[in-house]
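Chemist: have a look; sequence and predicted model below, questions after that.
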Amino acid sequence: MWARQSQVTLANAGAGSASHLCGLLLQSSMKVKLTTIPYRGTGPAMLDLLGGQVDLMCDLTANALPQIRGGKLRPIALTVAQPVKDAALAGTPSMRSFGFENVEFTIWYGLYAPRGTSPAIVRRLSAALAEAAEDAGFQRQQADVGLSVVRDDRLSPAGHRRHLRKEMDRWAPVIRASGEYAD
């Protein structure tokens, strides 16, 4: 596809990081092999992207947004289907709009407790999490940094387990095909 694809450098925050997985998905979908440069965290990778030592980086919107707002980074595409509600990202196309259907990628967090935790405690934690997710102030705070709050079945323990399994099934072939593994 690209004659000089190996000359394009793609930074990531280290093996197994979200930016690494995003880069693998991007390359797999585009059927290219870029020169991937793993860093020891998002900060060093972002510094080299800002300094021009690397060409591209997949990263969490919340990490990149201050640099985008400051005019130091240019967003190329979003890996989410829904547009991010921030003026700095207005008009930024999704990967899907370029014809890449399978590059939807979002960062999500889970709340976990040790095996054997009392079901009553799990229910209390789950209820508190659902209450926080419905809080308008919390939603606004997250939106201000380019994040959206999940408010669906994934907030329940069973729904989260289903989502986790689906994500593991989705990512296993991408990681296997890359041949890259974290020690």
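Modeler: Everything's here; your move.

Chemist: going forward, measure contacts and count neighbours with C-alpha atoms only.
Modeler: Fine.

Chemist: can you show me the strands along the protein?
Modeler: Listed in chain order, the strands of the chain (DSSP state E) span 9-12, 35-38, 56-57.

Chemist: show the average pLDDT along the second one.
Modeler: Strand 35-38 shows an average pLDDT of 95 in the prediction.

Chemist: partner strands of that strand and their direction?
Modeler: Using DSSP bridges, strand 35-38 pairs in its sheet with strand 9-12 (parallel).

Chemist: gap between the strand it pairs with and the chain center?
Modeler: Put simply, strand 9-12 sits 15 Å off its chain's centre (Cα atoms, centre = their mean, to the nearest Å).

Chemist: same question, stretch 102-109
Modeler: On the basis of Cα atoms, centre = their mean, stretch 102-109 sits 5 Å off its chain's mean C-alpha point.

Chemist: residues contacting that stretch, please?
Modeler: A18, C22, L25, L26, S29, L60, T79, V80, A81, M95, R96 (Cα atoms under 8 Å, 6 or more residues apart in numbering).

Chemist: what's the mean pLDDT across it?
Modeler: For stretch 102-109, the mean pLDDT works out to 82.

Chemist: deepest of the strands of the chain, which one?
Modeler: Most buried of those by mean neighbour count (mean count of other Cα atoms under 10 Å) is strand 9-12; its value is a mean of 25.

Chemist: hey, which helix is longest across this structure?
Modeler: The single longest helix within the chain, with elements called by DSSP state H, is helix 157-178.

Chemist: packing partners for it?
Modeler: Counting contacts by 3 or more Cα pairs under 8 Å, 6 or more residues apart in numbering; DSSP states H and E, helix 157-178 packs against helix 18-30.

Chemist: please point out which parts of the helix it packs on sit buried.
Modeler: A18, S19, H20, L21, C22, G23, L24, L25, L26, Q27, S28, S29 (16 or more other Cα atoms under 10 Å).
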